[in-house]
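J.: Coordinates only, no sequence provided:
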C-alpha cells in the first residue's frame with residue numbers, strides 16, 4: 001500500500017465529512033443517512049492505492065443529525081459495504097459529480113419547506129444514482145400560498161393609502177393631543193365649564209357639604225335644647241367658612257383647610273350619633289333646598305335689573321364728550337361752518353348711508369370703519385340724524401374730524417316738523433297716560449326687583465323717535481333711490497358698496513336672516529295668541545336683523561311700507577300684539593318683502609354671546625354688538641372689544657380730555 005495515497009484518501013474523506021457537518025449546522029437539520037451514504041458513494045479513491053481498491057479494512061467516519069437535531073457519529077468499514085458501491089476515478093467523473101451536487105442542492109431546498117421540528121418521512125437507503133424525492137403535504141402548501149396572498153394584499157392596501165388619508169390621521173392625532181387635559185388643578189369657568197377638571201374642587205365641595213350638614217344638625221340640636229352641641233356646630237361652621245374664604249377651587253384653599261375639614265368631620269360624626277333621624281333630616285334638607293332656590297331666583301332678578309340699568313346708564317367719560325364738544329361748538333365759532341360735501345347729499349348715483357344716533361363716539365366708529373375699506377371715498381355720503389341735545393356735539397365732531405373725501409350731513413329729528421303725533425302713531429301713544437304709567441311709575445318701586453318684568457322694554461331708547469325714524473326713510477330722504485341703514489353699535493370690516501348692486505328681486509328690504517336659531521323666529525317676537533297675529537303671519541317664519549339693511553326706497557313708496565307700519569302700530573296701542581321695540585313691527589311691516597342676504601354680510605351677537613365663532617367674526621363684513629354689552633361700556637365682552645376700539649383714535653384731544661381710553 002502506498003502511504004501517500006492512503007493519506008490523501010483519508011484527508012479527502014474527512015474533508016467531505018466536515019462539509020456535511022457545516023451544512024447540517026446552517027439549517028439542514030434533517031439530513032438523513034440516505035444522503036450520507038449517497039454522498040459516500042462519490043468519494044474518490046486514488047488509482048495508485050491498491051489497498052483502497054481492494055476495499056480491505058478501510059474505516060470511514062460519518063457525522064449526521066438525527067430528528068432531534070443532535071449530531072451523531074458512526075464508523076463504517078469498507079468491507080461491510082455492499083457490492084453495489086463503486087470506487088471512481090475523479091478524472092473521469094467530473095461532470096457527473098457536478099450534476100450530483102446540483103441534485104443535492106435541489107433536494108436540500110425542497111426539504112427546507114418543512115417547518116422546523118416537523119417530522120420528515122422516514123429515511124431509507126437508496127443505492128441507486130437518483131435521490132429519493134420527499135413529498136410535501138398539500139395543506140402546508142396551501143397555508144404558504146395563503147400567507148403569500150395576505151402579504152400581497154396588505155402591501156396593496158398600504159400602497160393605496162393616499163396623502164389625504166395620512167393628513168386626516170395626523171390631524172386627528174393632533175386634535176386628540178390638544179384635547180388631552182394634563183392639568184392637575186382646574187378652575188371654574190362659566191363659559192368653558194366642559195374643560196373643568198372634575199377633581200379640581202373636591203376638597204372645597206367637601207367643606208361646603210360639611211357646612212350644610214352642620215347647619216342642618218344645629219337646627220335639630222337647638223330644637224332638642226342641646227345648646228352645647230348647637231354652639232359647637234355653629235362655631236365649627238363659622239371657622240370652616242372663614243377657612244374657605246373666597247376660594248373657588250382647591251388650589252386657593254389655605255394649608256390649614258384640610259385640618260379644618262377633619263375637625264368638622266369629628267363634630268359631625270358626634271352630631272350624627274346623637275341626632276340623626278332619617279325623616280327629620282330629609283325634611284330639614286328639603287326646607288334648606290327650597291330656601292336656596294328662592295335666594296337664587298331673587299339674585300337672578302337683581303342681576304337682570306342691574307345689567308339693564310348698567311346698559312341704560314351713560315358712563316361719565318361718554319357723557320363728558322358731547323358736553324365738551326357742544327361747548328367748543330358755540331364758543332369757538334363753529335356754528336356757522338358747513339360740513340363737507342353739501343352738494344352730494346341728494347345725488348342718487350352715490351352711496352348713501354343713514355345713521356340715527358345720539359352717541360357721538362359710536363357714530364364716529366361707524367363712519368371711520370366704513371371709510372377705511374372703500375375704494376372711492378368721494379362717492380360716499382353719510383346722513384346722520386340725532387336729537388336736539390346732541391346736534392351741536394355731533395356737528396362739532398365731524399367738523400374737527402371730517403372723514404377724508406366723504407360727505408357728511410347732520411340733522412336733528414326735532415327739525416322734522418312733519419313727524420308729529422297727528423301723523424305718527426308712536427308719538428301719539430307715547431303721549432297717552434297709559435304709556436306714561438307703564439314707563440315711569442314702574443320705576444318708582446321700592447326695591448330693585450319690583451317692576452323688573454320686561455324691564456328691557458322700558459329702555460329709554462324705545463321712547464326716542466330716533467329708534468322709529470327707520471320707518472320713515474322715504475320721507476327723510478325723498479330724492480334717493482337706495483340707502484344703507486346702519487346702527488351705531490356696529491363695526492364695518494369690508495367694502496359695503498357691492499350691496500347697492502344686489503338684486504332684491506322686487507323686495508324692499510335686504511337683510512340677513514336670523515332663523516338659524518329657533519328662538520329668532522316670528523313666534524319669539526309676536527303674540528300668536530292674538531287672532532290678528534295668528535291669522536296673518538307664520539309663527540315659524542324667519543326673523544331678520546336690523547342694523548345693516550339695504551332699502552329700495554322706490555319700491556318702498558310703491559308698496560306704501562310706511563302706511564303698513566302705521567296700520568299695525570295703531571293696532572298695538574295696548575301692547576297686545578307685541579312688546580315695545582322696533583324689530584317686531586319691522587318683521588310685520590316687511591313680512592314677505594325682505595330679501596335674504598348672505599350671512600357673512602352681518603355677524604350678530606357680539607353684545608350678548610361670548611361663544612361666537614371668531615373666524616366668522618373675522619370674515620364678517622359687519623359685526624354687530626346687539627345686546628346689553630356694548631363695546632364702549634365696562635360690561636363689554638373683552639375678546640370682542642378690540643374689533644371696535646381699533647377704530648377709536650384715543651390720541652384725540654377731546655377723548656383725552658374726557659379720559660376715554662382703552
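T.: Sure thing, it's come through. What you are looking at is a predicted structure, and each value in this text was computed from that prediction instead of being measured.
J.: quick one: contacts for residue 551?
T.: Residues in contact with residue 551 (C-beta atoms under 8 Å, 6 or more residues apart in numbering) are 473, 482-485, 508-510. (Each C-beta comes from the backbone N, C-alpha and C, glycine too.)
J.: Across the sheet, point out what pairs with it.
T.: Beta-bridge pairing of residue 551 under DSSP bridges involves residue 483, residue 509.
J.: How many residues are close by residue 656?
T.: Neighbour count for residue 656, taken as other C-beta atoms under 10 Å: 11.
J.: what about it, which SS state?
T.: In the three-state summary, residue 656 is assigned as helix, counting by DSSP: H, G, I helix; E, B strand; the rest coil.
J.: thinking again about what came up before, now the buried members of the contacts of residue 551.
T.: When the contacts of residue 551 are checked for burial by 16 or more other C-beta atoms under 10 Å, the buried set is 473, 482-485, 508-510.
J.: nearest to residue 353, of the residues you listed?
T.: Sorting the buried ones among the contacts of residue 551 by how near they are to residue 353, with C-beta to C-beta, puts residue 484 at the top with 5.1 Å.
J.: Look up how far residue 662 lies from residue 639.
T.: In this structure, residue 639 lies at 14 Å from residue 662, with C-beta to C-beta, to the nearest Å as the measure.
J.: The two: which has the busier surroundings?
T.: A count of neighbours by other C-beta under 10 Å puts residue 639 above the other of residue 639 and residue 662, at 12 against 8.
J.: Could you verify my assumption that that one touches residue 609?
T.: No - here residue 639 lies out of contact with residue 609, judged by C-beta atoms under 8 Å, at a distance of 11.4 Å.
J.: Tell me where the model's unsure across the protein.
T.: 1-59, 61-72, 75-135, 158-167, 169-170, 173, 176-200, 436, 438-463, 516-519 (pLDDT under 70).
J.: mind listing the strands in it by residue range?
T.: Remark: strands assigned in the chain by DSSP state E are 59-65, 71-77, 351-356, 380-386, 407-412, 482-486, 490-492, 509-511, 548-552, 594-596, 602-603, 622-624.
J.: Dump those into CSV; add distance to residue 580 as well.
T.: As requested, those are arranged in CSV below (distance: least, C-beta to C-beta, whole Å):
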stretch, distance to residue 580
strand 59-65, 105
strand 71-77, 107
strand 351-356, 17
strand 380-386, 21
strand 407-412, 23
strand 482-486, 20
strand 490-492, 22
strand 509-511, 21
strand 548-552, 20
strand 594-596, 22
strand 602-603, 24
strand 622-624, 20
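J.: Looking at these, spot the one closest to residue 435.
T.: With distances scored as C-beta to C-beta, the stretch of the strands of the chain nearest to residue 435 is strand 351-356 (21.2 Å).
J.: now the angle from the closest one to strand 407-412?
T.: Between the axes of strand 351-356 and strand 407-412, defined by axes from the mean of the first three to the mean of the last three C-alpha atoms, to 10 degrees, the angle is 30 degrees.
J.: Output the contacting helices and strands for strand 351-356.
T.: Judged by 3 or more C-beta pairs under 8 Å, 6 or more residues apart in numbering; DSSP states H and E, strand 351-356 is in contact with helix 360-371, strand 380-386, strand 482-486.
J.: Could you dump the ones you listed into JSON lines with distance to residue 171 added?
T.: Putting the helices and strands packed on strand 351-356 into JSON lines (distance: least, C-beta to C-beta, whole Å) gives the following:
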{"stretch": "helix 360-371", "distance to residue 171": "36"}
{"stretch": "strand 380-386", "distance to residue 171": "44"}
{"stretch": "strand 482-486", "distance to residue 171": "40"}
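J.: Residue 139 is nearest to which of those?
T.: Closest to residue 139 of the helices and strands packed on strand 351-356 is helix 360-371 (C-beta to C-beta; 81.2 Å).
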